[in-house]
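The sequence isn't on hand, but the structure is:
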């Protein structure tokens with residue numbers, strides 16, 4: 001396959017987090033391995049499929065961890081997609097709350113500014129405070145607008161990339177030329 005993420009290891013255990021007590025199929029990938037695979041996948045064309053190829057010495061062929069790589073790697077990336085999905089949900093929840101606060105502050109600033117302008121008509125200082133309060137009200141909407149217009153895009157793209165990684169076939173290539181294939185999902 002033209003779009004392949006290549007990983008060369010001396011031992012399959014290099015791929016997994018050493019502090020994780022779970023069996024290989026349920027283990028977390030090491031941070032460096034996760035970052036390496038994610039960054040490489042990020043560089044590949046978005047509209048073309050890819051596979052993950054792990055190169056191991058022939059001596060690793062009998063390892064139980066090797067036989068479960070085609071399940072453990074997709075499990076991990078499905079888990080990461082879920083984590084990123086929850087981050088996106090949290091961001092939108094914060095966005096909704098800050099939007100309510102921002103609208104309340106804007107409404108309050110407009111009301112106070114108009115009240116001040118009505119109490120002290122034709123006053124330069126009243127006009128100064130009225131305009132200042134309008135600016136404060138709009139600044140209060142800055143963060144929610146930033147969340148809803150810009151901040152969510154990269155997180156949604158990361159989630160989509162993690163889903164693509166979870167669906168990518170995993171192939172193990174041994175240095176003696178043998179290969180195993182994890183098939184497509």
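Sure thing, it's come through. The structure presented is a predicted model; accordingly, all values stated were derived computationally and were not measured.

Can you check the pLDDT for residue 181?
For residue 181, the pLDDT comes out at 61.

likewise residue 178?
62.

now swap in residue 24 and tell me
48.

again with the one 4 residues further on
Among the per-residue scores, residue 28 shows a pLDDT of 82.

Report the separation between it and residue 77.
Look at residue 28 and residue 77: by CB to CB, to the nearest Å, they are 11 Å apart. Any C-beta I mention is one placed from the backbone N, CA and C, and that applies to glycine too.

Looking at these two, which has the bigger crowd around it?
Ranked by neighbour count (other CB atoms under 10 Å), residue 28 and residue 77 place residue 77 first, with 24 against 18.

Please, where are all the helices along this structure?
31-43, 64-67, 69-119, 124-140, 142-146, 152-167 (DSSP state H).

lowest average confidence, helix or strand, in the protein?
strand 179-181 (a mean of 62; mean pLDDT, DSSP states H and E).

Output the below-cut-off pLDDT ranges for this structure.
Applying pLDDT under 70 to the chain picks out residues 1-2, 19-27, 177-185.

redo that, cut-off 90
Along the chain, segments meeting pLDDT under 90 span 1-3, 10-31, 46-49, 58-72, 116-127, 174-185.

Any buried residues in stretch 132-148, and which?
133, 137, 140-141, 143-144, 147 (16 or more other CB atoms under 10 Å).

try stretch 61-68
If you call a residue buried by 16+ other CB under 10 Å, then stretch 61-68 has these buried ones: 65-68.

before we move on, back to that, can you name the two of the buried residues of stretch 132-148 that are farthest apart?
133 and 147 (23.6 Å; CB to CB).

what separates stretch 166-175 from the chain centre, distance-wise?
Remark: stretch 166-175 is offset 23 Å from the chain centroid, using CA atoms, centre = their mean, to the nearest Å.
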